[in-house]
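K.L.:
Mind folding the following:
(one chain, ligands or ions: 2)
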Amino acid sequence: MAAKKPITVTLTGAGGQIGYALLFRIASGAMLGPDAPMRLNLLEIPQGVRAAEGAALELQDSAFPLLSHVEVYDDPKAAFAGANVALLVGARPRTAGMERGDLLAANGGIFGPQGEAINAGAADDVRVVVVGNPANTNALIAAAHAPDVPSDRFTALTRLDHNRALGQLAMAVDTPVGDLRGVTIWGNHSATQFPDVAHATAAGDPVPALLAARFGGVDGAREWLVDDFIPRVAKRGAEIIEVRGSSSVASAASATIDHVRDWVAGTPEGWTSAAVVSDGSYGVPEGLVCSFPVESTGGAWHIRQGLEVDAFAAERIAASVAELEEEREAVRALGLL
Ligand SMILES: NC(=O)c1ccc[n+]([C@@H]2O[C@H](COP(=O)([O-])OP(=O)(O)OC[C@H]3O[C@@H](n4cnc5c(N)ncnc54)[C@H](O)[C@@H]3O)[C@@H](O)[C@H]2O)c1
Ligand SMILES: O=C(O)C[C@H](O)C(=O)O
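P.N.:
Numbering: from 1, shown residues only. Ligands and ions are numbered 1, 2, ... in the order given. Here you go, the predicted structure:
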């Protein structure tokens, strides 16, 4: 039998924290499956090249059977040549007291040239996930610089927010995380995001009813959602920075693996959350990179249609979408779009 052609995965920021946490899980097969050989292209800026080279040495030392080749680059065009999967992680993280949007001016400039490099040389089936913050608007910038790549190939990571919501909800309704379905993160990967459990179930039981039982009725459940759950999930990144002293790493890497794995392999257990280019669904202006409930079939994300959005949810979604529009205006003003 002919050997399978390796999948080319390009990782930016490979010398950084998330890069280090990602590489070994990718190479182990956790992202693309146990039968998918891969080659890894690691992109860094010159100051980060040595760290990426060190990670490459450790990858050799790990003797992963699926890993056919590792190369370190500081030139985006070379790094993205032939890429089937592009993980755009390389960007500065925020520190305590900053919002992710404060990074626009510092990081936005990274994503135009990378979009151009993807446009110039990535494989026809390239799938892009932007992790570097502010992730949604950075993905918008990258997509805008890759006019020949279908825009549905550009996504931003909100799977970490989704997983955070699952973690908090599992504790609240005392259910294993794996029994939860139907949770959605809407909007921006920022403090305005709306983690929505209106359609969620736990082992088949409606979560809103379980929360009402736990918190003394519908009003108690609403209070918990508004005062505790939603801000806890939306501001979890800041909480991690405060407790850890720097931004999330292993959970971000794990969510990135989940995002790409589901994009490639499908979501037979129901929808998850990802920021994708809006087609106008749920009133989100076309073209914004917004988090939606998404299902993956046939190797493509599809926005789950037909979910009821009540007045409370509509207001929350509108607030996050307004922030995405403001970010788009800000990067236009910076000349990045
Ligand atoms: N979307 C999410 O859920 C999520 C979660 C966690 C972190 N993040 C973001 O991910 C980014 C990376 O975080 P980290 O902890 O790995 O930071 P880090 O500082 O440890 O690593 C970033 C790496 O990117 C490299 N880099 C910078 N510019 C680059 C460029 N143009 N090309 C290639 N590499 C470049 C740096 O040299 C550095 O090695 C940050 O912006 C952070 O805010 C996003
Ligand atoms: O919050 C941050 O700045 C890092 C990351 O986006 C996170 O959500 O942990």
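K.L.:
Could I get the buried residue list for stretch 83-93?
P.N.:
By 16 or more other C-beta atoms under 10 Å, the buried positions in stretch 83-93 come out as Ala83, Asn84, Val85, Ala86, Leu87, Leu88, Val89, Gly90, Ala91, Pro93. The way it works is simple: take the backbone N, C-alpha and C, and place the C-beta from them, glycine included.
K.L.:
what would the residues you listed look like in a markdown table with distance to Ala51, pLDDT and secondary structure?
P.N.:
Written out in a markdown table, the entries for those read as follows (distance: C-beta to C-beta, whole Å; pLDDT from 0 to 100; DSSP: H, G, I helix; E, B strand; the rest coil):
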| residue | distance to Ala51 | pLDDT | secondary structure |
| --- | --- | --- | --- |
| Ala83 | 21 | 98 | coil |
| Asn84 | 24 | 98 | coil |
| Val85 | 21 | 99 | strand |
| Ala86 | 20 | 99 | strand |
| Leu87 | 16 | 99 | strand |
| Leu88 | 17 | 98 | strand |
| Val89 | 13 | 98 | coil |
| Gly90 | 11 | 98 | coil |
| Ala91 | 15 | 97 | coil |
| Pro93 | 15 | 91 | coil |
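K.L.:
Pick out the most distant pair among the residues you listed.
P.N.:
Distances among those were taken as C-beta to C-beta; the most separated pair is Asn84 and Pro93, at 26.7 Å.
K.L.:
for the stretch 1-150 of the chain, what spans make up the strands?
P.N.:
Along the stretch 1-150 of the chain, counting by DSSP state E, counting those that start in this stretch, strands occupy 7-12, 38-43, 67-73, 85-88, 127-130.
K.L.:
Nearest to ligand 2: which residue in the stretch 51-200 of the chain?
P.N.:
Using C-beta to the nearest ligand atom, the closest approach of the stretch 51-200 of the chain to ligand 2 is made by Arg94 at 4.2 Å.
K.L.:
meant to ask about the stretch 101-250 of the chain
P.N.:
Gly237 (2.1 Å).
K.L.:
Toward the C-terminus from the helix or strand hosting that residue, list the very next helix or strand.
P.N.:
Secondary structure assignment for Gly237, by DSSP states H and E: helix 236-244. Going down the chain from helix 236-244, the next helix or strand is helix 250-265, by DSSP H and E.
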